[in-house]
Every structure is written in C-alpha cells, then in structure tokens.
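Trainee: no FASTA, just this:
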C-alpha cells in the first residue's frame, strides 16, 4: 500500500514539473548578430521542452566600449530588441526573460540596465532595473558601471504560471538582502555577465547560496567566453535547485542549460526545513 502511494506521489510530482532554460552567449557589438544567435538558442531550448527561458545580461550588445550601449538604448516599450523579445515569446508560446537591455532613463548620457519579462502572448509583464552597479579596480581590470548606468530602486517579483519569480541582474547576486526582500519567491532569474576574475572564485558559491537561503530555484544565465572587445566573462550558466544542487551547467561558449523545476519537491523541502519562517529581523 505504501509503495503504491509512493508511486502515485512520484507521478503527481513529475506531472507538476516543468522545464526551464538558461541561455549562454558571448555577445559582441553587432546587435542584429546577437539577436540572431539568441533566436537560435531560444529555439534550441524550446525544442528541449523549456517553457521559461532566460537570456544573459546585455545579450543584445557587448560593445567595444561602454558608450556603445548608450548609443543603441531603446525607449521603454519601443525598439528592435523589444520587438524581438515580444515576437519570440509569442511565436514559441513561452515566458521569456529578456536578460537585460539598455533602456533610456533620466540621464541623457546613461542607460538603465533593464530586465524585461514577456509572457506567452508576447506581452511585457515585468521590468526590473538593476539596482547594484559593479565597480572593480583589480590589477589591469577596471569597471565602473555607474559612469554609464543609472541604478534602479525597486525590487520586482512577478506572479506567473510557474510561481513567484524574482528578478535580479549580475552584481545584485552579492547582496542577499535584495533576495530576502522578494518575500516567498519560488524562482530567481539572474541574467549575468560576471568577469572571469571574480566569477572563478565567487559565481557558483553565491548562486548556490542564494538558492539555499531562499529555498528557491535559481536560473542563472550568463555571458561566457571571450568577447570582441577583449573582455572575458566567466560563463557557467546553471540551474540550481532549492537544496543547492546544480542541476545543469555550461562552463563556456554559446549554448543552453536545461533543467526541470518541481514545485512539489520545493514545497516538500520548505515543509521539512521551514527556515524561511524562522527568520528574525535584527535592528542596529
């Protein structure tokens, strides 16, 4: 009798599961070329059954210099990249997390680094503007995103057919309080372009930590490889389950990471280890 119940539970859990994909790219300065590569990889993910697909940070433009993204920024709701994301989501009937793209903001010489989400009808249902801006001075490497990027100021979580999805971008990964503020998030999507220098030491441990802390799935879609501008990104796109297990990973180059997300398994873990309900907010 118990064996039969176990089999039924297993079948029910499998029926409840769905596939997600993280797309990895090594984008360059040519927007149309990047869109063509994204189109190919999204189709590959859909062929493997993905219903939720996540693109990497600045998937449509990794310019020769930091001003290149300012030159191709789009107005909210307009432009070729917007149209590409909407059309692709609608054609494949998927939810598409458009990595991040440069959007016009308040400052004329800067952009917003914005993650757009489109549903299966091709409708934009969410937008998150990257809050934390990367700054690194280490050896010959120098990055200061604040010179060309205007920070966002709002935590964004969206209800979807797949559960509550929290949006974050790259450097946000280092700030666990952002993810705590998402409150009961089921899936965290993380478009990224981690440098090889920081990524080889910190990327996996931080992605897995955010999954464990929040008992959430993390779909981390990264830039991965050498870029025309000389930059090297870490890659290692991955899907991590709420127990911190890496379900699939792609170390380098263009490709797709695919994994099953199982809400029943997630619920079971949260019932077995109700750490989220044990939180204490400390004051200073």
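Mentor: Now that the structure is in, tell me what you want to look at. As the structure is a prediction and not an experimental result, all values here were calculated from the model. Numbering: from 1, shown residues only.

Trainee: what sits against the residue lying closest to residue 29 once chain neighbours are set aside?
Mentor: Leaving aside its sequence neighbours, residue 29 sits nearest to residue 63 (Cβ to Cβ, 6 or more residues apart in numbering; 4.8 Å). Quick note: C-beta positions are derived from backbone N, CA and C, even for glycine. Residue 63 makes contact with 29, 69, 71-72, 229 under the criterion Cβ atoms under 8 Å, 6 or more residues apart in numbering.

Trainee: you'd agree residue 93 is up against residue 122?
Mentor: No. Taking Cβ atoms under 8 Å as the definition, residue 93 is not a contact partner of residue 122, at 9.4 Å.

Trainee: of the two, give the one with the bigger neighbour count.
Mentor: A side-by-side neighbour count of residue 93 and residue 122, using other Cβ atoms under 10 Å, places residue 122 first with 17 against 12.

Trainee: what's the separation between that one and residue 43?
Mentor: Computed as Cβ to Cβ, to the nearest Å, the residue 122 to residue 43 distance reads 16 Å.

Trainee: repeat for residue 201
Mentor: Here the distance between residue 201 and residue 43 works out to 34 Å (Cβ to Cβ).

Trainee: still on that earlier bit, counting only helices, which of the contacts of residue 63 make the cut?
Mentor: Counting by DSSP state H, the part of these found in helices is 69, 71.

Trainee: reformat the contacts of residue 63 as a markdown table; add distance to residue 245.
Mentor: Shown next, in a markdown table, are the contacts of residue 63 (distance: Cβ to Cβ, whole Å):
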| residue | distance to residue 245 |
| --- | --- |
| 29 | 37 |
| 69 | 35 |
| 71 | 42 |
| 72 | 38 |
| 229 | 35 |
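
Trainee: let me know the secondary structure of the closest residue in space to residue 158 that isn't next to it in sequence.
Mentor: Counting by Cβ to Cβ, 6+ apart, residue 126 is the residue found nearest to residue 158 once chain neighbours are left out, at 4.3 Å. The three-state label given to residue 126 by DSSP: H, G, I helix; E, B strand; the rest coil is strand.

Trainee: bridging across strands, which residues link to residue 126?
Mentor: Beta-bridge pairing for residue 126 (DSSP bridges): residue 117.

Trainee: is it true that it touches residue 117?
Mentor: Yes. In this structure residue 126 lies within contact range of residue 117 using Cβ under 8 Å: 4.0 Å.

Trainee: neighbour count winner among those two?
Mentor: residue 117 (24 against 18).

Trainee: and that one, how far from residue 25?
Mentor: In terms of Cβ to Cβ, residue 117 sits 18 Å off from residue 25.
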